[in-house]
Structures are given as C-alpha cells and as structure tokens.
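Engineer: coords please:
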Amino acid sequence: MASKKKKSAGQAIGGFFKAIGGFFAEFGKAVAKGDFFTKLSLIWMGAGYARRKQYIKAIIMTVLEAAVIWFTVAFSTRYVPKFGTLGTVKAEMIFDPVTMKNIMNDYDHSFKILLYSLICFVVWFTFFIIWIKNVTNAYKLQLKAQNGEHINTFIEDVKTYKDEKFHITLLTLPVLGIVIFTVIPILLLILVAFTNYDQNHMPPTELFTWVGFDNFARLFGGGGLSSTFGYTFVRVLGWTLVWAFFSTLTTYIGGILLSLLINNRRTKLPKLWRTLFVVTIAVPQFVSLLLVRNFFANGGIVNTFCEAIGLTGWLNDIGLISTSYIPFLSAPGWAHVMIIIINIWIGVPYQMLIATGVLMNLPADQIESARIDGAKPRQIFAKITMPYMLFITGPTLVTDFVKNINNFNVIYLLTEGVYTTTNQALANSQAKEVDLLVTWLFRLTQDYYNYKMASVIGIMVFIICSVFTLVAFNRMIKGDREETFQ
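Structural biologist: Got it, this is the predicted structure:
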C-alpha cells in the first residue's frame, strides 16, 4: 500500500502565501466587477446586505463599522499619534491659579501609549480583514441574485453555523482568547525590546522611547566595554541547552526503565511500587523543591550527615571542596549536577506513567515473533520497544525539551537564596551561573526592572523554542512510519 507523502515546511509556507494572494484577488475582483451596492459596501458595510434584503446582517455590519469609527475617534486619537515618540510630557506637580492648589499635569505615559496603540493596530487590522471579507461576500450575493439562486435569510445563515460551519463557531472564542492573551502580549514584548524601558525610564515620572536595535546589539556583545550582556548570554544559553538536554533525556530514559522494571513479571508487588512513585506526583512541586533545597543547603541535614560520617573532610582533603560544607547548591558545577539529579527524582514518575500506558499497547505479535526467532530481551528492547516508544512519545519528547528550556520552578526554587555568583561579569548583567534564560529574564524584570533586555531575551527564547519545535516535528511526522508497527 503506497503511503501518502507529507507536505514539507516549504510547501506549507507556499500554500499559506497562495491563500493570502487568493484572498486579496477575490477582493479585487469584487471591487472591479461589483455593482453599485457592492462598491458602496466599501463605504457603508451594510449596503450589499441591505440590497439583498438581509437587513439584520446590514444592521450588524453598520453597527460594527460605527463602533470602529467611534473607537478610532474617541480612543485611538489619544494614543496612536504619540506612538512615534511614546510621549514627551513627564508627570509633575504644577500650580493651578484657579484652585490655588498643586495638581498633576496632563502627562504622557509611555507604556500606556505603547499598549493602547498596539491594541488599536490589532483592532484596525481585524476590522480591515472583516471589511475586505464583507465586500467579497456582497459580491457573492450579487452573483447569486443575478443567477437566480436562493439567498439565505439570517436564520438560515445562523443555522449553517450550527451545521456545516460549526467548526467556525467552536473556534471563535479560542481564537479570540489566543489573540488577547497570547498574540498581543507577544507583540508587546517585541515592541518593548526596541525601547529603553528600564528602571531609569519608568513612567510616568520618566518616559522611555525607541532605541532601534541597540538592545539586541548589547545582547550579542555590543554596547561598549562596560556591557557584559554578550558574555552572560552565551554562558546562560549554553547552560540552558545543556540543562534542557540532560533533564529531558534522563527523565525520559529513567521513566521507561522504571516502567519496564515495575511491569516485569519478576517484580513483586508492582502496584505498590507504582503507587509509591505516583504519590510523589500528588505532592505540590514547589513544596518538594523547597524541602529539597533546605535538605541540601550549606547548613542542611545532608551536609550535617556528610560531616558526621567524614565525607566532607575527605572531599576537603582531596581538594574537591575548599569549605567546611559540601556546596551542593551554592557553587558552580556542584549546583549544575545536583539540579539535574533532583529533577530526575521529580520528573521520572511522570514519564513512568506515560511509558506504562504506551508499553501496554506494544505490538505483541512482533515481540512474540522476535522471541520465536531467538531474540534476547536486550535486542527486543533495542529493536522493537524503544523505536515504538520514540514513535508514540516523540511529540511529547519535543514538548518536554521546550518545557525544560522554560522550566522556571526547578531552577529558581532550588537556587534562590542559596546560590550567589562570584563572577563579576555575570553579576553586572544580573545573572548567575545556574540561571536559565527564563530565570534570567524573570530576575531582570522582578528585581532590576530592566524590561528592555528582558524583552530581548524573551524574543530569543521564543525563537529558539519555535525553531526547535518546527524542525523536530517536521522530521518526526515526515513520511508514514506507522506502517512499520502494523
């Protein structure tokens, strides 16, 4: 049976631009060949519907158009004209000769100007798409009328959104939520990266403005000799990728091996073992991490025990440590290794449950055939079990890697208040050796109000995660590998 080939990323992108071209081509045709009422829809959006006696639609589109005009006049004109400078008037107290009191002047707020202008742009763009689609629909109604075809009433149109167009009904609210809670914040993050928004430019007492690509230049080694962001970015990015790789690999392999061990026929009381590991999931992660941090602190119970048995002194004698305690979470190297080990303990139970579900559906006929042919357990694991696991859980593996790039909890909760960097270059950039890009971003915003550099780092995190995800998924779904296991 011939398998269907998957579209490549290039073909998908080409199809996307082709669809956009077709969308505007339909609009051009409607404007060129439309009758008077279709062309009038360019000015009065309800004209085409009113001509075809779809009065409710005409009213809806007219109200929508009036609302956007009111929004533009009453709201947008207060902020969009200032978008180019992000404000020029600082907040200050001035004397009012009428009331004989000091009052706050009519000041500009750079962040509000930026945010509200962005909202205006999104509203206008959405309205622009609806406006084009409205003219196209008016032309389609014109063609139906000319051909003597039935034109739906408003009730019939509503019913179509319950039947053949029900997918549009279901997707409307999720898409609206994505635009409000995802698209607009991402666009705002991108815009802030091109400003000098930091603790020295905090509205309304101070204003920030556009600085172009200066922040990106600083992150990649520019900005003068006093800037250490380039050095810090390379160090933090390197540790982020190392952490994401090992934390994903260790928990993934560990979960599979633990699942195989528990489900082995020779294992006694498998339900008890499975329950014990599942119980660790029931405990909130931040509670577990805070407890573990206290256990491995410089004066924690683990260090007390190690000192009592002489391990601390022995490590000191051979030169591995130079302190009276083992710096599990307070020194480079030690902290990096301990974080990965602790994450294994936290992440393996999740992977065990996933692996258990997959192993229950292994192709039994292939395993039985392999055993009859004399294959050993290791060979069955390498040739059948592991390839099947990778095939089924491949997408999960990709999402786990991306999730670990942004794994804020493990890093922050284990090291905050325990780890202090001695690297002055990192300290100048408000980072530590154990920071991921996401924890560095958080520190820049929460502790130092350096929103401009945090936004640049956020963009880099987004690019790294999106590129990795696109490449990984494209390779995983390439071809029809399912037939291999059938």
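
Engineer: For the one helix or strand Y116 maps to, which helices and strands make contact with it?
Structural biologist: Taking DSSP states H and E as the criterion, Y116 maps to helix 110-146. Here helix 110-146 touches helix 9-33, helix 36-40, helix 47-51, helix 55-71, helix 77-79, helix 184-192, going by 3 or more CB pairs under 8 Å, 6 or more residues apart in numbering; DSSP states H and E. C-beta here means a position set from N, CA and C on the backbone, and glycine is covered the same way.

Engineer: what residues does whatever helix or strand comes next after that helix touch?
Structural biologist: The C-terminal neighbour of helix 110-146 among helices and strands, as given by DSSP H and E, is helix 154-160. The contact list for helix 154-160, computed with CB atoms under 8 Å, 6 or more residues apart in numbering, reads 54-57, 152.

Engineer: Could you turn the buried ones of the residues you listed into a PyMOL selection?
Structural biologist: PyMOL command restricting the contacts of helix 154-160 to the buried ones, with burial defined by 16 or more other CB atoms under 10 Å:
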select buried, resi 54+57
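
Engineer: that older thread, which of the helices and strands packed on helix 110-146 is buried the deepest?
Structural biologist: Ranked by mean neighbour count, the helices and strands packed on helix 110-146 are led by helix 47-51 with a mean of 23 (mean count of other CB atoms under 10 Å).

Engineer: List the contacts of the closest residue in space to T232 that isn't next to it in sequence.
Structural biologist: Leaving aside its chain neighbours, T232 sits nearest to S429 (3.9 Å; criterion: CB to CB, 6 or more residues apart in numbering). Counting by CB under 8 Å, 6+ apart, S429 touches 228-229, 231-232.

Engineer: Would you mind giving those residues as a markdown table with neighbour count added?
Structural biologist: Shown next, in a markdown table, are these (neighbours: other CB atoms under 10 Å):
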| residue | neighbour count |
| --- | --- |
| T228 | 21 |
| F229 | 25 |
| Y231 | 16 |
| T232 | 24 |
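
Engineer: which of those has the weakest pLDDT?
Structural biologist: Lowest in pLDDT among the contacts of S429 is T228, which has 85.

Engineer: Quick one: residues contacting that residue.
Structural biologist: 425-426, 428-429.

Engineer: Can you tell me which of the helices and strands packed on helix 110-146 is nearest to K165?
Structural biologist: helix 55-71 (14.9 Å; CB to CB).

Engineer: Quick check: phi and psi at I459.
Structural biologist: Main-chain torsions, I459, degrees, to the nearest 10: phi -60, psi -40.

Engineer: tell me which residues in stretch 281-300 are buried?
Structural biologist: Result for stretch 281-300 [16+ other CB under 10 Å]: buried residues 288-289, 292-293, 295-297, 300.

Engineer: taking the mean pLDDT, what do you get for that stretch?
Structural biologist: Mean predicted lDDT for stretch 281-300 stands at 88.

Engineer: ok, and what's touching stretch 276-290?
Structural biologist: Here stretch 276-290 has contacts from 258, 262, 342, 345-346, 348-350, 352-353, 409-410, 413-414, using CB under 8 Å, 6+ apart.

Engineer: Nearest to L219 among the contacts of T228?
Structural biologist: S429 (9.6 Å).

Engineer: if I look at the closest one, how far off is G417?
Structural biologist: S429 is 20 Å from G417, where distance means CB to CB, to the nearest Å.

Engineer: Could you do G299 as well?
Structural biologist: In terms of CB to CB, G299 sits 13 Å off from G417.

Engineer: One more: D435?
Structural biologist: 14 Å.

Engineer: More neighbours: the two, which one.
Structural biologist: D435 (25 against 10; other CB atoms under 10 Å).

Engineer: ok, the nearest residue to Q351 once chain neighbours are set aside to Q146 distance?
Structural biologist: Closest residue to Q351 in three dimensions, ignoring its sequence neighbours and counting by CB to CB, 6+ apart: G255, at 2.3 Å. Distance of G255 to Q146, given as CB to CB: 65 Å.

Engineer: In terms of neighbours, single out the busier of those two.
Structural biologist: Neighbour count, other CB under 10 Å: between G255 and Q146, G255 has more, with 24 against 9.

Engineer: Next, give phi and psi for that one.
Structural biologist: Torsion angles at G255 (phi, psi; degrees, to the nearest 10) stand at phi -60, psi -40.
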